[in-house]
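Colleague: Just the structure for this:
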Amino acid sequence: MQLLGLLRRELRTECREWVADGDISAEQGNRILARYGTSLEDSGDGSLAYKVLVGIALLFVGMALLLLVSANWEDIPRAVRMLGLVGTTLALNGVGVYQHLKREAGLGWLFVGSISYGASIMLIAQIYHLGEHYPDGLFYWALGIAPMAVLVRSRVLALLMLAVAMLWLLNEGKFSPPWQMLLFIGAALGVARQARSAGLNVVTVAVTVSWLNILLAWFYGYPWRPDFDTGHFTMNMGLLALLFMVGHRLAPSEDAHIRRTATLLSLWSLRGYLIFLVPFTFADAFEAYLRELQGFADAGLWLGLAAAVPAGWLAIRDSAAHPLSRGLVMGLPLLLVLFHGMQWEAIAIPMTIMVNLLALVSAIVLIQQGLEKGFSQYFYSGVGLLLLLAMIRYVDLVGDYVGGAVMFLIAAAILYSAARYWRDRQPGAGEKADE
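Modeller: Now for the predicted structure:
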């Protein structure tokens, strides 16, 4: 069982109270908390409300200063404007570093200093008319945040860096292949390892997948422009299979940080798989995908195989995985070759039928696994997928306003019944009902 950071914080508080009341020993408390990657001595219990309020206060101070400066911007000499921007950025980051070194809360100052750094880049570029290639400003902004995030091991700064880097990726990707993105991915992984942050690991993986998709688009359209093609679906199918199996492989690790990362990887790759299935339940969408494939010369096929083959090897070695997921992952390389190698007219309808059956079976297995293992995410994902399949089949085949309203009411009734069924299946539900 994996817990979110907020729930781990609450569990630490409860365990400390149990130890103080003599209900358990400190050793027992630490053994309980060790299952979730924390301990009684963990110092990460600072008031969340205090940190949020201080952060908002600092943000409001910054907005007030920006408004005052903006009102008189044109009247301020150019040199004074530049020195003011640089001085403000240095002062904010200096206070943040000083407080961090004193083991005080300097993260808020560093966050505001990073925002000030980006604003200074944009405003200085405006002062001196340096906007020839506007994505460069975003690149240097993210590049400036990266060393600070690594030095203070801050997940917040790393997420800010990734957000700015993604903006740069989406803009620079229109002009040239964004190879420099590897710098930010490496920095984020370094911070995630130092801070033991499963969430940051998964966000970095998602950013990496986005980067690979843009690089593939440039391979298709080089040297003129990025060209997104159907081969992207093939590559992403392989990547989803690999991420799912890596997560499943790492799940039994003794390291709580790795277990949390594995759980999130498996969960989000599973959700990605479900999202991929839904459009291919339509014959027209599947035919369009197969018709546009470029055969065995498609780079998307080889990148997809580069991910799907190791995923299949992991599935063969992992006997603990569910037979359906193992079978799908092991058969994926063959399916990808089949999609790219056969005439689309021969396989479009049979494959569409197979995908619809697969989506239905997947929903049933998710419900069954959710009930068997007590995973609410699997249970509700299965119920939601069944409802979605029913809705799109109705709209596709019948569809009118009154019928749509009836379907929504039926869906609401099913969701409510599923919620009650889930509640009643949980341990202790019968005793509570008797009371």
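Colleague: need the next SSE after the strand or helix carrying residue 95, C-terminal direction.
Modeller: Residue 95 is located in helix 78-101, with elements delineated by DSSP states H and E. The element immediately downstream of helix 78-101 (helix or strand, assigned by DSSP H and E) is helix 107-127.
Colleague: Taking their axis directions, that following helix and helix 78-101 sit at what angle?
Modeller: 160 degrees (axes from the mean of the first three to the mean of the last three CA atoms, to 10 degrees).
Colleague: tell me the SS of residue 24?
Modeller: Three-state assignment for residue 24 (DSSP: H, G, I helix; E, B strand; the rest coil): coil.
Colleague: ok, longest helix in the chain?
Modeller: helix 344-373 (DSSP state H).
Colleague: tell me what it is packed against?
Modeller: helix 256-277, helix 283-292, helix 323-341, helix 376-397, helix 401-425 (3 or more CB pairs under 8 Å, 6 or more residues apart in numbering; DSSP states H and E). Placement of C-beta: from N, CA and C, glycine included.
Colleague: Compare the ones you listed and report which one is nearest to residue 230.
Modeller: For residue 230, the closest of the helices and strands packed on helix 344-373 is helix 283-292, at 4.2 Å, according to CB to CB.
Colleague: Residues in contact with whichever helix or strand comes after the closest one: which ones?
Modeller: Under the assignment DSSP H and E, the closest C-terminal helix or strand after helix 283-292 is helix 299-317. Helix 299-317 has contacts (CB atoms under 8 Å, 6 or more residues apart in numbering) with 212, 216, 219-220, 229-239, 241-242, 244-246, 248-249, 293-294, 321, 325-326, 329-333, 336-337, 340.
Colleague: Can you tell me which of those residues are buried?
Modeller: 212, 216, 219-220, 229-239, 241-242, 244-246, 248-249, 293, 321, 325-326, 329-330, 332-333, 336, 340 (16 or more other CB atoms under 10 Å).
Colleague: Narrow those to those in helices?
Modeller: 212, 216, 219-220, 231-239, 241-242, 244-246, 248-249, 325-326, 329-330, 332-333, 336, 340.
Colleague: Quick check: residue 61 vs residue 240, distance?
Modeller: 44 Å (CB to CB, to the nearest Å).
Colleague: With neighbour numbers in mind, choose between these two.
Modeller: residue 240 (25 against 11; other CB atoms under 10 Å).
Colleague: need the contact list for the closest residue to residue 88 other than its chain neighbours.
Modeller: Using CB to CB, 6 or more residues apart in numbering and skipping the chain neighbours, the partner closest in space to residue 88 is residue 116 (5.6 Å). Listed by CB under 8 Å, 6+ apart, the contact set of residue 116 reads 62, 85, 88-89, 92.
Colleague: Can you lay out the residues you listed as CSV showing pLDDT?
Modeller: Converted to CSV, the contacts of residue 116 look like this (pLDDT from 0 to 100):
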residue, pLDDT
62, 68
85, 83
88, 85
89, 87
92, 85
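Colleague: Let me know the closest of those residues to residue 366.
Modeller: Nearest to residue 366 among those, with distances taken as CB to CB, is residue 62, at 45.6 Å.
Colleague: Can you report how many residues lie near residue 291?
Modeller: Other residues close to residue 291 by other CB under 10 Å number 12.
Colleague: Quick check, it in contact with residue 340.
Modeller: No: at 11.9 Å, residue 291 does not count as touching residue 340 under the criterion of CB atoms under 8 Å.
Colleague: what sits in contact with each of the two?
Modeller: By CB under 8 Å, 6+ apart, no residue touches both residue 291 and residue 340.
Colleague: coming back round to it: show me what the helix holding residue 95 is packed up against.
Modeller: Checking 3+ CB pairs under 8 Å, 6+ apart, helix 78-101 ends up next to helix 107-127, helix 135-152.
Colleague: Those: lowest mean pLDDT?
Modeller: Lowest mean pLDDT within the helices and strands packed on helix 78-101: helix 107-127, a mean of 84.
Colleague: Alpha carbons of it, as CSV, please.
Modeller: These are the backbone C-alpha positions of helix 107-127, laid out as CSV (Å, rounded to 0.1, in the frame of the first residue of the first chain):
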residue,chain,number,x,y,z
LEU,A,107,12.4,27.8,-0.4
GLY,A,108,9.7,30.5,-0.7
TRP,A,109,12.4,33.2,-1.3
LEU,A,110,14.1,30.9,-3.9
PHE,A,111,10.8,30.3,-5.7
VAL,A,112,10.0,34.0,-5.9
GLY,A,113,13.6,34.6,-6.9
SER,A,114,13.3,32.1,-9.7
ILE,A,115,10.1,33.9,-10.9
SER,A,116,11.9,37.2,-10.7
TYR,A,117,14.8,35.7,-12.7
GLY,A,118,12.5,34.8,-15.5
ALA,A,119,10.7,38.1,-15.5
SER,A,120,14.1,39.9,-15.6
ILE,A,121,15.1,38.0,-18.6
MET,A,122,11.9,38.9,-20.5
LEU,A,123,12.0,42.6,-19.4
ILE,A,124,15.7,43.1,-20.2
ALA,A,125,15.1,41.5,-23.6
GLN,A,126,12.3,44.0,-24.1
ILE,A,127,14.5,47.0,-22.9
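Colleague: Give the buried residues for it.
Modeller: So for helix 107-127, counting by 16+ other CB under 10 Å, buried means 107-125.
Colleague: That helix versus helix 135-152: what angle between them?
Modeller: Using the same axes, to 10 degrees: helix 107-127 against helix 135-152 is 160 degrees.
Colleague: gap between helix 107-127 and the chain center?
Modeller: Distance of helix 107-127 from its chain centroid, counting by CA atoms, centre = their mean, to the nearest Å, is 26 Å.
Colleague: again with stretch 176-191
Modeller: With CA atoms, centre = their mean, you get 16 Å for stretch 176-191.
Colleague: Contacts for it next, please.
Modeller: Here stretch 176-191 has contacts from 139, 142-143, 146-147, 149-150, 153-155, 157-158, 161-162, 165, 168-169, 172, 197, 200-201, 203-204, 207-208, 211, 214-215, 218, 222, using CB under 8 Å, 6+ apart.
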